[in-house]
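K.L.:
Predicted structure and sequence below. I'll ask about it afterward.
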Amino acid sequence: MSADFTQTKPFSLPVEMQAYLTERNSPPSEHLQSLRQIAAEMPQGGMRLGTEAGTFLSVLVQTMQPTRALEVGTFIGYSSLSIAAAMPPSGRLLCCDVNDTWTAVAREHWQAAGVADRIELVLAPALETINDQPSEPHLDLVFIDADKTNYINYYDALLPRLKPNGMMIVDNTMWSAHVLDLDDTSDDTVAIRAFNDYVAADQSTTNVTVPMGDGLTLITHAR
Ligand SMILES: C[S@@+](CC[C@H](N)C(=O)[O-])C[C@H]1O[C@@H](n2cnc3c(N)ncnc32)[C@H](O)[C@@H]1O
């Protein structure tokens, strides 16, 4: 199989097609728009979840109505706000991150959007935070978007905590097609490749990857 690894997003839609969809898909809220603007002016802004993927999360959450959710990797809060704003008011989202500067931006926007009371942010390595949570299934939704080298560890720690009808969503599983480039042996690429293979081999779950943005893999317990 050959792929053009010179492009950063080899699976992007043609510009005209993307523009057509962007004009017709629901626009992000004013608070999400503000986060887009802030990210656009940051050197690390590319870490923000893509706009379509954010709306996709909102639509899923709107229909699932999860009461307990956990996010690994919050940054400036784009995905967390997309999730929390669509949760029921009684819902609770636990956000895991290690960076207080970036998550301060998230906190401001959660406050402005009126969802701060649904969110708890813990600043500590996510594996520690996860392991402090009850070990039995209690989570309706999990979203993973942090350090790639821990993806398998997050999966192993969170799967037992996911309710029978819960959903785990993992971002960046296409990794700009670098997973296909066996000459790419960087830590993150090796980790994403290993994660995808690990999930594929796990008969206890059902998974499907939505080729949106950098790849969103949806995982449930198998039936
Ligand atoms: C790709 S960004 C998350 C983007 C975010 N989901 C959004 O939509 O804007 C990754 C985040 O993971 C955090 N992170 C990296 N290693 C971590 C760790 N071991 N534990 C918790 N958070 C971590 C970083 O501080 C960063 O904010």
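P.N.:
Sure, I can see it. Numbers count the residues shown, from 1 in each chain.

K.L.:
now the protein, which segments are flagged as low pLDDT?
P.N.:
1-10 (pLDDT under 70).

K.L.:
Go again with 90.
P.N.:
The chain contains residues with pLDDT under 90 at 1-13, 223.

K.L.:
Enumerate the residues of it near the ligand.
P.N.:
47-49, 73-76, 78-79, 96-99, 102, 125-126, 145-147, 150 (C-beta under 6 Å from any ligand atom). Using the backbone N, CA and C atoms, a C-beta is placed for each residue, glycine as well.

K.L.:
List only buried entries from the residues you listed.
P.N.:
47-49, 73-76, 78-79, 96-98, 102, 126, 145-147, 150 (16 or more other C-beta atoms under 10 Å).

K.L.:
Tell me where the protein has strands.
P.N.:
Secondary structure of the chain (DSSP state E): strands at 68-72, 92-97, 119-123, 139-144, 162-171, 205-210, 216-221.

K.L.:
so what strands line up beside the first one?
P.N.:
Pairing partners of strand 68-72, with direction, according to DSSP bridges: strand 92-97 (parallel), strand 139-144 (parallel).

K.L.:
now swap in the third one and tell me
P.N.:
Taking DSSP bridges as the criterion, strand 119-123 sits next to strand 92-97 (parallel) in its sheet.

K.L.:
on that earlier part again, winner for burial among the strands paired with strand 68-72?
P.N.:
When you average the neighbours per residue for each of the strands paired with strand 68-72 (mean count of other C-beta atoms under 10 Å), strand 139-144 leads with a mean of 24.

K.L.:
So which residues make contact with that strand?
P.N.:
57, 60-61, 64, 66-73, 79, 83, 151, 154-155, 158, 161-163, 165-171 (C-beta atoms under 8 Å, 6 or more residues apart in numbering).

K.L.:
Please, a PyMOL command that selects the buried ones among these?
P.N.:
To isolate the buried members of these in PyMOL, using 16+ other C-beta under 10 Å:
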select buried, resi 57+60+61+64+66+68+69+70+71+72+73+79+83+151+154+155+158+161+162+163+166+167+168+169+170+171
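
K.L.:
Without its sequence neighbours, what residue ends up closest to V115?
P.N.:
Counting by C-beta to C-beta, 6 or more residues apart in numbering, V115 lies nearest to A84, which is 4.2 Å off, once chain neighbours are set aside.

K.L.:
my read: the one you found touches W110, true?
P.N.:
Yes. Counting by C-beta atoms under 8 Å, A84 sits close enough to W110 to count as a contact (6.7 Å).

K.L.:
Mutual contacts of the two, please.
P.N.:
Common neighbours of A84 and W110 (C-beta under 8 Å, 6+ apart) are I119.

K.L.:
now the helices for this protein?
P.N.:
15-24, 30-40, 51-64, 78-84, 100-112, 126-131, 151-158, 187-201 (DSSP state H).

K.L.:
ok now stretch 27-42, how far from the chain's centre?
P.N.:
Computed by C-alpha atoms, centre = their mean, to the nearest Å, the chain-centroid distance of stretch 27-42 equals 17 Å.
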